[in-house]
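Trainee: Got a predicted structure here, sequence first:
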Amino acid sequence: MKFAVIPTNGRPCLEQCLEAISPQVDLVVLVATGNELLPDFVLNYDNVGQGHRFYDSLNISAWWNKGLDHAEASAVRYGRPTWDVAVLNDDVIVPEGWFDAVATGMRQNDCAAACSGGVGSQGWVWREPKAVPLQTRMQGFAFILAGEKGLRANEDLHWYFTDDYIDWESRKLGGMVMINGFHVNHLYPNGQVTTEIMEQIAKDAQTFVDIYGMRPW
């Protein structure tokens with residue numbers, strides 16, 4: 001099965017995100033990150049799950065994990081031994097064919113995670129948790145996981161370094177591959193950075209060092 005997990009507070013950009021990813025997967029799991037009602041356009045998609053959970057805390061890892069748990073429960077319910085899960089920001093627009101291309105690259109390389117590197121990129125496979133050139137690390141705003149491997153985010157990391165943790169842990173489970181091409185349009189990178197988030201970033205940086213003994217970049 002093919003899943004997409006998208007944490008969102010219902011920003012208008014979510015509609016563009018859904019238009020792009022919904023045709024590529026069997027089920028979209030929206031994890032609402034606040035008490036806002038999700039916009040009416042969500043109802044236009046037959047494959048968007050309606051079992052939303054609401055979080056007031058600022059914790060991307062918790063949002064991701066809730067969505068990954070929902071995807072796993074669905075895959076198990078349908079008796080699927082393997083399943084692929086895209087984890088997306090609600091402000092990304094993936095190109096046509098992105099999901100299958102990235103998931104195929106992940107499976108062919110026996111990896112636990114995968115992403116795409118954009119036009120003109122070189123393919124990379126990393127199998128050891130360590131710092132690598134920044135442009136070759138997993139793109140945290142749009143990646144795919146091999147669901148049956150059970151990888152989850154570390155909820156002690158609330159904002160930055162959440163994706164680096166997933167990247168490094170996926171390497172322990174087989175690897176992380178960045179495939180060639182398939183540029184993902186990230187509409188608002190760092191568009192929600194507030195004073196609270198800046199303070200959390202500093203805490204997350206130290207937590208990552210406490211876990212691994214080094215920074216990822």
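Mentor: Looks like it came in fine.
Trainee: Who does the residue most central in space within the chain form a beta bridge with?
Mentor: Residue closest to the average C-alpha location in the chain (CA atoms, centre = their mean): V87, at 2.5 Å. Judged by DSSP bridges, the bridge partners of V87 are V5, F143.
Trainee: With only the CA atoms kept, save stretch 169-178 in PDB.
Mentor: Taking Å, rounded to 0.1, in the frame of the first residue of the first chain, the C-alpha atoms of stretch 169-178 are listed here in PDB:
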ATOM      1  CA  GLU A 169      18.300   5.900  11.900                       C
ATOM      2  CA  SER A 170      17.200   4.700   8.500                       C
ATOM      3  CA  ARG A 171      20.800   4.100   7.600                       C
ATOM      4  CA  LYS A 172      21.000   1.700  10.600                       C
ATOM      5  CA  LEU A 173      18.000  -0.200   9.000                       C
ATOM      6  CA  GLY A 174      19.500  -0.500   5.600                       C
ATOM      7  CA  GLY A 175      20.200   2.900   4.200                       C
ATOM      8  CA  MET A 176      18.800   6.200   2.900                       C
ATOM      9  CA  VAL A 177      18.800   6.800  -0.900                       C
ATOM     10  CA  MET A 178      18.400  10.100  -2.700                       C
END
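Trainee: Could you pull out the strands in the protein for me?
Mentor: 2-8, 27-32, 84-88, 92-93, 113-116, 124-126, 142-146, 176-179, 185-186 (DSSP state E).
Trainee: would CSV of those with distance to E196 be doable?
Mentor: Glycine gets a C-beta too; all of them are placed from N, C-alpha and C. Formatted as CSV, the strands of the chain follow (distance: least, CB to CB, whole Å):
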stretch, distance to E196
strand 2-8, 17
strand 27-32, 19
strand 84-88, 23
strand 92-93, 23
strand 113-116, 28
strand 124-126, 32
strand 142-146, 25
strand 176-179, 30
strand 185-186, 22
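Trainee: Mind pulling the model confidence for the nearest residue to V48 once chain neighbours are set aside?
Mentor: Nearest non-adjacent residue to V48, counting by CB to CB, 6 or more residues apart in numbering: V28, 4.5 Å away. For V28, the pLDDT comes out at 95.
Trainee: what's the answer for Q192, then?
Mentor: 68.
Trainee: Kindly report the same for E196.
Mentor: pLDDT at E196 comes out at 83.
Trainee: what does Q108 give?
Mentor: At Q108, pLDDT is 96.
Trainee: Look at it and say how many residues are nearby.
Mentor: 11 (other CB atoms under 10 Å).
Trainee: Then the one 10 residues further on?
Mentor: Counted with other CB under 10 Å, the neighbours of G118 add up to 15.
Trainee: got it, and K203?
Mentor: For K203, using other CB under 10 Å, the count is 15.
Trainee: repeat for S57
Mentor: S57: 10 neighbours (other CB under 10 Å).
Trainee: W64 versus that one, what's the distance?
Mentor: Per CB to CB, to the nearest Å, S57 is found 13 Å from W64.
Trainee: cool, V125 as well?
Mentor: 23 Å.
Trainee: what about the two, which has more around it?
Mentor: W64 (23 against 18).
Trainee: who touches that one in this structure?
Mentor: Going by CB atoms under 8 Å, 6 or more residues apart in numbering, W64 touches 5, 7, 31, 87, 152-153, 162, 166.
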